[in-house]
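In: Please find the sequence and the predicted model below.
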Amino acid sequence: MTFRAAHLLGIEHLHPTEITTLLDLADQYAEDNRKGRAHRDVLEGLTQINMFFENSTRTQASFEIAGKRLGADVMNMAMQASSIKKGETLIDTALTLNAMRPDLLVVRHPNSGAVDLLAQKVNCAVLNAGDGRHEHPTQALLDALTIRRAKGRLHRLSIAICGDVAHSRVARSNIMLLGKMENRVRLVGPPTLLPSGVEDLGVEVFHDMREGLRDVDVVMMLRLQKERMDGGFIPSEREYFHRYGLDAEKLGHAKQDAIVMHPGPMNRGVEIDGQIADDINRSVIQEQVEMGVAVRMAAMDLLARNLRAKRGAQAAGVMV
Amino acid sequence: MTFRAAHLLGIEHLHPTEITTLLDLADQYAEDNRKGRAHRDVLEGLTQINMFFENSTRTQASFEIAGKRLGADVMNMAMQASSIKKGETLIDTALTLNAMRPDLLVVRHPNSGAVDLLAQKVNCAVLNAGDGRHEHPTQALLDALTIRRAKGRLHRLSIAICGDVAHSRVARSNIMLLGKMENRVRLVGPPTLLPSGVEDLGVEVFHDMREGLRDVDVVMMLRLQKERMDGGFIPSEREYFHRYGLDAEKLGHAKQDAIVMHPGPMNRGVEIDGQIADDINRSVIQEQVEMGVAVRMAAMDLLARNLRAKRGAQAAGVMV
Amino acid sequence: MTFRAAHLLGIEHLHPTEITTLLDLADQYAEDNRKGRAHRDVLEGLTQINMFFENSTRTQASFEIAGKRLGADVMNMAMQASSIKKGETLIDTALTLNAMRPDLLVVRHPNSGAVDLLAQKVNCAVLNAGDGRHEHPTQALLDALTIRRAKGRLHRLSIAICGDVAHSRVARSNIMLLGKMENRVRLVGPPTLLPSGVEDLGVEVFHDMREGLRDVDVVMMLRLQKERMDGGFIPSEREYFHRYGLDAEKLGHAKQDAIVMHPGPMNRGVEIDGQIADDINRSVIQEQVEMGVAVRMAAMDLLARNLRAKRGAQAAGVMV
């Protein structure tokens, strides 16, 4: 077993062999999903709780489908509407849920680090479904699987991450994962939307989109958050699209077989041209969503194996 | 097999033999539901997603119970609260869900035609749970099953549909279904609430409730939407009830064994008198709800059979 | 069989032997939950609907986990958002759901007595998950199980219920249950938060916290509702904590091995000091949550047995 983590909190602490193990398993699940092959026994008898402190229909649905395909009992808890309003602390909420003895806890939270904190307090496996501007590991893993399937490898590729990198946990997790797997990562965007000091991360920075896309294998667009549009970060949606929106002309600077990615949901006509998004020869955006289910199945499968091993050892009186 | 549709988008394109096939199967499910007999294998391993862009506790619950009784993995997605707010288009939402490889998609949407559009974009079976003023096919089918069980047949009956016909997708689907099965349909209501040009549909129109109910076998009341009550469509709730609300006196003009129907939820004292609604000798309103589960089980069963046949043929390399 | 109730509406009508039967079964479920032992067959094929007219993430989650662990199909219906807005009456909602033939109906409602009323209208087993200021029987049962496990018995104990007793259905159900099992119950709090005429219930009343806690075996704190904090009931949060908040000094007046309980969610620093709440030698607050799942499993198991027996008798033509 080359996947040893008890939680999936971020890409930061994953070893490249753990990433490969997870992607290999996800690849199998992706194929079995296409064939309609079931794996109900993998998480049978386990309880998965999705705790979303931020709304996200698509990410929550992906985790829910993944869990149900593997036979888990899946519960969704919309957290904003309830106990949080009553002034309960995050830790009390976590301890309460933990006392109900769930096995897998999927958490999205607006604060960076909140999911790590929570993982320290519970006895089950925790999966980070996005925390503040910190990490969104399953998104980086599904992007990696999509790239690997399209390009046949996940190393020595040139990948441009474009747009609002500074505020994006998706970008942050991707930069780490793609770096660990020895790819060349470029960040492309206006200075106001790029993080400072990123050169230390071993990435190149471009403020000109055409230069940034030159000869890359992968063009990874980011979503421009609505709040950025009226915050002084960009002059106007129109101007932003003109300079940084992905269209056929700009894409022409990338390699001929470069693929186009987007984590969704898209702002068509803002960060990406609708025709590019729908071009089945270039865009792998739907495949990203499909791989999302497969990656989450693999992550929960591996974490459940580690959890069962740990509990078995504890029951046998062995310290772990 | 006499049910060939890939989707259940409306009554309009169903053939009478398809309707009969569906009702016959639903009738069996209704009996088995009463006996507590399970059919977990019918949709086992399939994923059903309920996408409700309009709130409807009862319709959503009915589809959810139907799917779970047949062993499907059922997911509810409340769409207004999430990605729609982020400005994502309906088509992008559909493509995203489709990429997660669901098998049955149950959709309610405020816009007429939205569900048809969506069905063109996905690889799974789509069920219309109500779209704008267009169609609500499972409601018409459950009404038909309720009538057939109460009257012993579904043809050559005289049926009055009363109230806000103009704005009602329930009425629209019912008019089509009852017409296809060769019944005589009457529309009863004030001119402001009846559609224009309906004589072409082969229906009779009455503005006087007593005349409209004379000697009918079935009195089908419609819900008066709150927004109609203060929109100049009716003089007042009280006046409306006086002229068009169903009470014992007006019902006296129908046949002695006429049944009373309502799609729910009811406005007691507005379109229907509470005592009539609760009269177990006349009202079949609770039976309608019960048949709703059975009809949805039958519809999903039949669509899943066609979906599996299509996928099997595709896997075998046959064009369908 | 010493549990004969068709519904679990309150503690009021339960016989002490029924309470003991339920707690004994819950104790077994608690142990099996810890060992990860499944009991999927207990509620297999049954439909459980959680109808929460008041939000409660933790209580709803507890019932949902309990039902799923026993193999039920569990549906959550958030009632405020939907049909209630459309003006439908509680009874119509109940009749509609009943027509869908659920087996277990878990109901929380802001009005005292609403759950009893609803139970009279349906054919399934109803569990009260809290109604107004009336009862919250599963909370009292989980408290009882927690006490019994910590103290080794559930009789001849001295128990102080502290805080906002007047407005608390938790307190009301606990007073009845603990009285039935022959314990000595004390109510502790300011006169504005204690009910009048409680001496008839066989309880002692204390306005001084130190006196009230003297030599008790169990300190049961209640949640101070936010609306009480600015309603003239208490001078200020700070002053309230000073006089009635549980801290180490006040707890020092209880027996040395007294346990500390709270139904959650807690207002740390208002009714309870955070350190006391987290002290694993005194606080059994997490155990209460854990026992909550076990008690709800036991309650639904027992009610389902009675329901099946009743239906079997009805099917055989026997009146029950």
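Out: Yep, it's here.
In: per-residue confidence for the residue of the stretch 1-150 of chain A found nearest chain B?
Out: Among the residues of the stretch 1-150 of chain A, A:Thr57 lies closest to chain B, at 3.7 Å counting by C-beta to the nearest C-beta. Quick note: C-beta positions are derived from backbone N, CA and C, even for glycine. Each residue has a pLDDT score; the one for A:Thr57 is 87.
In: and what of the one 10 residues further on?
Out: Here, the pLDDT recorded for A:Gly67 equals 98.
In: And for the residue in the stretch 101-250 of chain A that chain C sits nearest to, the neighbour number?
Out: Proximity of the stretch 101-250 of chain A to chain C (C-beta to the nearest C-beta) peaks at A:Arg101, 5.7 Å away. A:Arg101 has 18 neighbours, counted by other C-beta atoms under 10 Å in any protein chain shown.
In: List the contacts of the nearest residue to it once chain neighbours are set aside.
Out: Excluding its sequence neighbours, the residue lying closest to A:Arg101 (C-beta to C-beta, 6 or more residues apart in numbering or on different chains) is C:Asn33, at 5.7 Å. If you count contacts by C-beta atoms under 8 Å, 6 or more residues apart in numbering or on different chains, C:Asn33 has them with A:101, C:69, C:290, C:293-294.
In: Which pair of those spans the longest distance?
Out: Using C-beta to C-beta, the pair of the contacts of C:Asn33 lying farthest apart is C:Arg69 and C:Glu290, separated by 12.6 Å.
In: which of those two has more neighbours?
Out: C:Arg69 (27 against 23).
In: What helix or strand is the residue lying closest to that one once chain neighbours are set aside located in?
Out: Closest residue to C:Arg69 apart from its sequence neighbours, by C-beta to C-beta, 6+ apart: C:Met297 at 6.2 Å. Following DSSP states H and E, one finds C:Met297 within helix C:285-315.
In: helices and strands around that helix, which ones?
Out: helix A:90-99, helix C:16-35, helix C:57-69, strand C:104-109, strand C:125-131, helix C:137-151, strand C:259-261 (3 or more C-beta pairs under 8 Å, 6 or more residues apart in numbering or on different chains; DSSP states H and E).
In: what's the closest of the ones you listed to B:Met181?
Out: strand C:104-109 (36.0 Å).
In: is the closest one anywhere near chain A?
Out: No - judged by C-beta under 8 Å from any C-beta of the partner chain, strand C:104-109 and chain A are separated, with a smallest distance of 12.1 Å.
In: And for that strand, what's in contact with it?
Out: The contact list for strand C:104-109 (C-beta under 8 Å, 6+ apart) reads C:43, C:46-54, C:56, C:59-60, C:63, C:67, C:72, C:90, C:97, C:114-115, C:118, C:122, C:124-132, C:300, C:303-304, C:307.
In: change it to 7 Å
Out: C:46, C:48-54, C:56, C:59, C:63, C:72, C:97, C:115, C:118, C:122, C:124-131, C:300, C:303-304 (C-beta atoms under 7 Å, 6 or more residues apart in numbering or on different chains).
In: That one: partners in the sheet, and parallel or antiparallel?
Out: Using DSSP bridges, the strands paired with strand C:104-109 are strand C:47-52 (parallel), strand C:125-131 (parallel).
In: the inter-axis angle of it versus helix C:285-315?
Out: 130 degrees (axes from the mean of the first three to the mean of the last three C-alpha atoms, to 10 degrees).
In: What residues sit buried inside the following helix or strand past strand C:104-109?
Out: Per DSSP H and E, the first helix or strand lying C-terminal to strand C:104-109 is helix C:114-119. Of all the residues in helix C:114-119, those buried under the rule 16 or more other C-beta atoms under 10 Å in any protein chain shown are C:114-116, C:118-119.
In: quick check, nearest of those residues to B:Arg223?
Out: Among the buried residues of helix C:114-119, and counting by C-beta to C-beta, the member closest to B:Arg223 is C:Leu118, at 22.6 Å.
In: Got phi/psi on A:Arg172?
Out: phi -60, psi -50 (degrees, to the nearest 10).
In: which residues does it contact?
Out: A:Arg172 touches A:133-135, counting by C-beta under 7 Å, 6+ apart.
In: try it again with 10 Å
Out: A:10-12, A:112, A:133-136, A:140, A:161, A:165-166, A:195, A:201 (C-beta atoms under 10 Å, 6 or more residues apart in numbering or on different chains).
In: out of these, which are buried?
Out: Counted by 16+ other C-beta under 10 Å, the contacts of A:Arg172 give A:10-11, A:133-136, A:140, A:161, A:165-166, A:195 as buried.
In: Reformat these as JSON lines; add secondary structure.
Out: Formatted as JSON lines, these follow (DSSP: H, G, I helix; E, B strand; the rest coil):
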{"residue": "A:Gly10", "secondary structure": "coil"}
{"residue": "A:Ile11", "secondary structure": "coil"}
{"residue": "A:Arg133", "secondary structure": "coil"}
{"residue": "A:His134", "secondary structure": "coil"}
{"residue": "A:Glu135", "secondary structure": "strand"}
{"residue": "A:His136", "secondary structure": "coil"}
{"residue": "A:Ala140", "secondary structure": "helix"}
{"residue": "A:Ile161", "secondary structure": "strand"}
{"residue": "A:Val165", "secondary structure": "coil"}
{"residue": "A:Ala166", "secondary structure": "coil"}
{"residue": "A:Pro195", "secondary structure": "coil"}
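In: Enumerate every residue touching the residue nearest to A:Arg58 when sequence neighbours are not counted.
Out: Using C-beta to C-beta, 6+ apart and skipping residues adjacent in sequence, the residue nearest A:Arg58 is B:Thr96, 5.6 Å away. Counting by C-beta under 10 Å, 6+ apart, B:Thr96 touches A:57-58, A:61-62, A:264-266, A:285-286, A:288-290, A:292, B:83, B:88.
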